[in-house]
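In: here are the coordinates; sequence isn't available:
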C-alpha cells in the first residue's frame, strides 16, 4: 500500500510538470530546405500623414544646396552640408493635407509617394527651376518607428532606411519570450484613417505571404503570451499544495489501516 502511495504521488507531480511545461516552437517549421521561394510581396514604404522626411540635397557646389538643407541638416558657415547628419528626428513634417513646407520650393504634396518618388520629385523641381542643375536627392523617414508589446522585449525600434520585416524587427527587439504564442503574433496598423489587425503565424512559411510581414511606420507588434506568469505560478503552487495534501491523507489512511 505504501508503495502505491509513492507511485500515485510521483504520477501527480509528473502530470503537473507536463501541464506546466511550455510548448516548444520553431520558426518557419515547414520551410523547405535548399529550395528557392520567389519573393512576391516586396513593399516600398509610402509617405503618410505625420511622417517626418529627411531630404538631403547633394551637388558639386554645396553652397547652392545649403538653403535647401538647412531645415533637416546642419550647415556650417561656409555652406558645407557634406556631413549630412540630421538634427534629432529633424525633417519635414507631412501635415494632414499631405504636404511638406520645403525651403524656396514651397508646399509640396508628397503623401502616398514612395521615398524614391519624393527624391525624384524634389530633384526635378530643383533642376527645372534652375536652382541646382546637378542635384542628387535622397529621402528618408526619420521617425519610422516600430513598437513592441507583450511577450517580447517591449520598446520601440527606429528604422532609418524604411525597410524592415516582422522577423527582422523581432530579432532586433531581442526575440520572443518562451511564453509567447509563436503561432499568434498580432500586428496592429493604422492606414488611410483606419485601424487594422493581422494575426501572423511565425511557425509556417505562410508568414511570407501575410500583408503584415513587411512592416510599416508606426506598426505595433504584440506577442500574445500563453499564460501570465502569475497565473502559471499560482496554478503550479496550488497543484503542489493539493498533491502534498493528497499524499498526506493517503499516508495517514495507510498508517491507520495498518494498526
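Out: That came through fine. Remember, it's a predicted structure, so these values are computed and weren't measured experimentally.
In: what number of residues lie near residue 149?
Out: Taking other Cβ atoms under 10 Å as the neighbour definition, residue 149 ends up with a count of 14. To be clear about C-beta, it is placed using only N, CA and C from the backbone, and glycine gets the same treatment.
In: What of residue 191?
Out: Applying other Cβ under 10 Å, we find 12 other residues in the vicinity of residue 191.
In: what stretches of the stretch 151-259 of the chain score poorly on pLDDT?
Out: Across the stretch 151-259 of the chain, the ranges flagged by pLDDT under 70 are 228-259.
In: Please apply the same query to the stretch 1-150 of the chain.
Out: Within the stretch 1-150 of the chain, the ranges that satisfy pLDDT under 70 run 1-25, 70-89.
In: Quick one: the strands in it, in order.
Out: For the stretch 1-150 of the chain, the strands defined by DSSP state E, counting those that start in this stretch cover 52-58, 92-93, 99-102, 106-109, 136-141, 145-150.
In: top strand in this protein by residue count?
Out: Of all the segments assigned as strand in the chain under DSSP state E, the longest by residue count is strand 180-191.
In: tell me which strands and helices whichever helix or strand comes after that strand is in contact with?
Out: Beyond strand 180-191 on the C-terminal side, the first helix or strand identified by DSSP states H and E is strand 194-200. Counting contacts by 3 or more Cβ pairs under 8 Å, 6 or more residues apart in numbering; DSSP states H and E, the secondary-structure elements packed against strand 194-200 are strand 180-191.
In: what about the closest residue to residue 205 other than its chain neighbours, distance to residue 197?
Out: Setting aside the residues directly before and after it, residue 205 is nearest to residue 31 in space (Cβ to Cβ, 6 or more residues apart in numbering), at 4.6 Å. Here residue 31 is placed at a distance of 25 Å from residue 197 (Cβ to Cβ, to the nearest Å).
In: Neighbour count: the two, which is higher?
Out: In this view residue 31 and residue 197 are compared by other Cβ under 10 Å, and residue 31 has more residues nearby, 14 against 11.
In: residues in contact with stretch 92-107?
Out: When contacts are defined by Cβ atoms under 8 Å, 6 or more residues apart in numbering, stretch 92-107 is touched by residues 47-53, 55, 67-68, 70-72, 108-112, 122, 125-126, 129, 131.
In: Now the buried members of the residues you listed.
Out: The neighbour-count criterion (16 or more other Cβ atoms under 10 Å) marks 47-48, 51-53, 55, 67-68, 71-72, 108, 110-111, 122, 125-126, 131 among those as buried.
In: So which of those are in helices?
Out: Secondary structure of the buried ones among the contacts of stretch 92-107 is defined by DSSP state H; positions in helices are 67-68, 122, 125-126.
In: which one of those residues is nearest residue 213?
Out: Set against residue 213, the nearest of those by Cβ to Cβ is residue 122 (30.2 Å).
In: my guess is the closest one meets residue 55, correct?
Out: Yes: under the criterion of Cβ atoms under 8 Å, residue 122 lies in contact with residue 55, with a separation of 6.1 Å.
In: Tell me the residues that contact both of these two, please.
Out: Taking Cβ under 8 Å, 6+ apart as the contact criterion, the common neighbours of residue 122 and residue 55 are 102, 137, 139.
In: most surrounded residue in the residues you listed?
Out: Within these, neighbour counts (other Cβ under 10 Å) peak at residue 139, which reaches 25 neighbours.
In: show me what contacts it?
Out: Residues in contact with residue 139, defined by Cβ under 8 Å, 6+ apart, are 53-56, 115-116, 118-119, 122.
In: In the sheet, which residues pair with it? Tell me.
Out: Residue 139 has the following beta-bridge partners by DSSP bridges: residue 55.
In: How about the one 10 residues further on?
Out: With DSSP bridges as the criterion, residue 149 is bridged to residue 222.
In: out of the strands of the stretch 1-150 of the chain, which comes closest to residue 206?
Out: With respect to residue 206, and counting by Cβ to Cβ, the nearest of the strands of the stretch 1-150 of the chain is strand 145-150 at 21.3 Å.
In: Just the residues contacting that closest one, thanks.
Out: Strand 145-150 has contacts (Cβ under 8 Å, 6+ apart) with 154-159, 164, 169-170, 173, 180, 215, 217-225.
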